[in-house]
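Got a predicted structure plus its sequence, pasted below:
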Amino acid sequence: MYELFVLGELMTGEKHGYMLQDVLKNAVGLGRKISSGTLYPLLSRMTESGWINLRVEEETKGGRTRKIYEITEAGRDRFQLLMAEPLDFILDAETQNAFRFKMVYFQYVDKEVRLACLKQYLLILERSVIHVLQFESHLLIQKPEPEKQRVQLLRVFDHRKRLGEVEIEWIKEEIERVRTQQDE
């Protein structure tokens, strides 16, 4: 997922490592951070793979050298491959983040790739809501004890179901928007 993010950010232009780390920190949301110990080894591996180039600038005002990264043609190919790669079929935080990262970089891929990603995410969401509905039905029929816990669990499922329904509706609208938009 971070590989997709780095390549996607570099599709917009060259960036230094600190800027990549700062943008990523804000992109993944509160409570989830990417450390220098994760990002810089990733950047090294991506450089070794030929997906990005590293240029070292002379010392900055703070006395440090600045490492500037730019995407290569092989990196652009890798980016296209990652964007077309299917999402994991489990609705968890990783899948949601991967989907959101892909959406940020939709402007760099063909309409077919955008639509495929949106449709796949829609299926994942629909499957998740069906799972919630089935378990909710089971709780209503079986009425397991303790009742207070069952009632609260039903409230949690109602919350998940409503969030899922709203997200499904948004994705359907986005599919239609992308489907009808003119190729640029």
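Nice, thanks for sending it over. Numbering: from 1, shown residues only.

And the helices in this protein?
Residue ranges of the helices in the chain, as given by DSSP state H, are 2-11, 17-27, 36-48, 73-84, 93-104, 111-142, 147-180.

Pick out the shakiest of these, pLDDT-wise.
Least confident of the helices of the chain, judged by mean pLDDT, is helix 17-27 with a mean of 82.

distance of the spatially most central residue of the chain from Glu165?
Nearest to the mean C-alpha position of the chain, by Cα atoms, centre = their mean, lies Ala98 at 2.2 Å. Applying Cβ to Cβ, to the nearest Å, the value for Ala98 to Glu165 is 22 Å. From N, CA and C alone the C-beta is placed, and that goes for glycine too.

Leu91 too?
Distance of Leu91 to Glu165, given as Cβ to Cβ: 14 Å.

the more surrounded of these two?
With other Cβ atoms under 10 Å as the criterion, Leu91 and Glu165 differ in neighbour count, and Leu91 comes out ahead with 20 against 13.

Can you tell me what sits against stretch 143-155?
Stretch 143-155 is touched from outside by 136, 139-140, with contacts defined as Cβ atoms under 8 Å, 6 or more residues apart in numbering.

Kindly report the domain assignment for this structure.
Using automatic domain parsing, the domain ranges for the chain come out as 2-84, 110-180.

Redo the ones you listed as JSON lines? Include distance to Val104.
Supplementary listing: the domains of the chain in JSON lines, determined by distance: least, Cβ to Cβ, whole Å:
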{"stretch": "domain 2-84", "distance to Val104": "6"}
{"stretch": "domain 110-180", "distance to Val104": "12"}
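
nearest to Met103, of those?
Distance to Met103, taken as Cβ to Cβ, is lowest for domain 110-180 among the domains of the chain, at 7.7 Å.

what's the offset of the closest one from the middle of its chain?
Distance of domain 110-180 from its chain centroid, counting by Cα atoms, centre = their mean, to the nearest Å, is 18 Å.

That one spans what distance, first to last residue?
By Cα to Cα, to the nearest Å, the extent of domain 110-180 from end to end equals 13 Å.

Can you tell me the closest non-neighbouring residue to Glu58?
Nearest non-adjacent residue to Glu58, counting by Cβ to Cβ, 6 or more residues apart in numbering: Thr65, 6.8 Å away.

same question, Val109
Distances taken as Cβ to Cβ, 6+ apart place Met83 nearest to Val109, at 4.7 Å, with adjacent residues excluded.
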